[in-house]
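[1] Structure for this input, please:
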Amino acid sequence: MATRHLLLDFVFAALNRGKSVDCLLGAGEVRGERTIRWVTLRKDGGQVLASLYEVLDQRTPWFLDVYEFTSVAEESDEPLETHRFDEATSAVEFARARWGADPSRYVNQGMLSEECEDVLGKTTGAASS
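    Predicted structure coming up:
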C-alpha cells in the first residue's frame with residue numbers, strides 16, 4: 001500500500017497551493033445511525049479554515065465517495081463547525097485539541113474514501129436509509 005499520509009510540511013505546502021487536506025476522525029453515531037467524521041483544512045484568503053464534517057455511513061461496495069454521503073449538518077453542504085486561523089500551525093493544533101485530529105494522518109483531498117476503507121474496514125452491506 002502506498003503512503004498517503006502527509007508530513008506536516010506537505011500539509012502546509014498543500015494549503016499554500018490552495019489545496020484542501022482532510023483528517024479522518026473515525027466513526028460516530030447520530031440518532032442511532034453510524035456516521036463518518038473528518039476535519040478539513042483549507043485556505044480562504046489569508047486565513048486557514050478548520051472545519052468538522054459528519055456524514056451518514058452510506059458506504060456500499062458500489063458507493064464509496066464519502067464526500068457525497070448525506071450530512072448530519074442542518075445545511076447539507078455545510079460543516080458542523082468552522083474556525084478561522086491566521087496560521088496553519090494554529091489550525092492543526094486546534095483540530096488536534098478540539099476534535100482529536102492526528103497531525104500525522106492528514107491526506108490530500110480526494111483520498112478520504114480510501115482512508116475510510118483502511119481505517120473503518122470494507123463494507124459489504126447496503127446503504128442505510
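
[2] Who are the packing partners of whichever strand or helix holds residue 39?
    The secondary structure element spanning residue 39 is strand 33-44 (assigned by DSSP states H and E). In terms of contacts (3 or more CB pairs under 8 Å, 6 or more residues apart in numbering; DSSP states H and E), strand 33-44 is packed against helix 8-16, strand 21-30, strand 47-56, helix 88-99, helix 112-120. To be clear about C-beta, it is placed using only N, CA and C from the backbone, and glycine gets the same treatment.

[3] now the angle between helix 88-99 and the third one, please.
    What that stands for is strand 47-56. If you take axes from the mean of the first three to the mean of the last three CA atoms, to 10 degrees, strand 47-56 sits at 30 degrees to helix 88-99.

[4] related to what we said a few turns ago, export the helices and strands packed on strand 33-44 as TSV, with columns for distance to residue 39.
    Shown next, in TSV, are the helices and strands packed on strand 33-44 (distance: least, CB to CB, whole Å):
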stretch	distance to residue 39
helix 8-16	11
strand 21-30	5
strand 47-56	6
helix 88-99	5
helix 112-120	10
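
[5] Deepest-packed of the ones you listed, please.
    Using mean count of other CB atoms under 10 Å, the stretch among the helices and strands packed on strand 33-44 with the greatest mean number of neighbours is strand 47-56 (a mean of 20).

[6] what about dumping the CA coordinates of the strand holding residue 39 to PDB?
    Coordinates of each C-alpha in strand 33-44 appear next as PDB, following Å, rounded to 0.1, in the frame of the first residue of the first chain:
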ATOM      1  CA  GLU A  33     -27.100   5.700  12.700                       C
ATOM      2  CA  ARG A  34     -23.400   5.200  12.100                       C
ATOM      3  CA  THR A  35     -21.600   8.200  10.800                       C
ATOM      4  CA  ILE A  36     -18.100   9.100   9.500                       C
ATOM      5  CA  ARG A  37     -16.400  12.200  10.900                       C
ATOM      6  CA  TRP A  38     -13.400  14.200   9.500                       C
ATOM      7  CA  VAL A  39     -11.700  17.500   9.600                       C
ATOM      8  CA  THR A  40     -10.900  19.600   6.500                       C
ATOM      9  CA  LEU A  41      -8.300  22.300   6.500                       C
ATOM     10  CA  ARG A  42      -8.300  24.800   3.600                       C
ATOM     11  CA  LYS A  43      -7.100  28.300   2.900                       C
ATOM     12  CA  ASP A  44      -9.600  31.200   2.500                       C
END
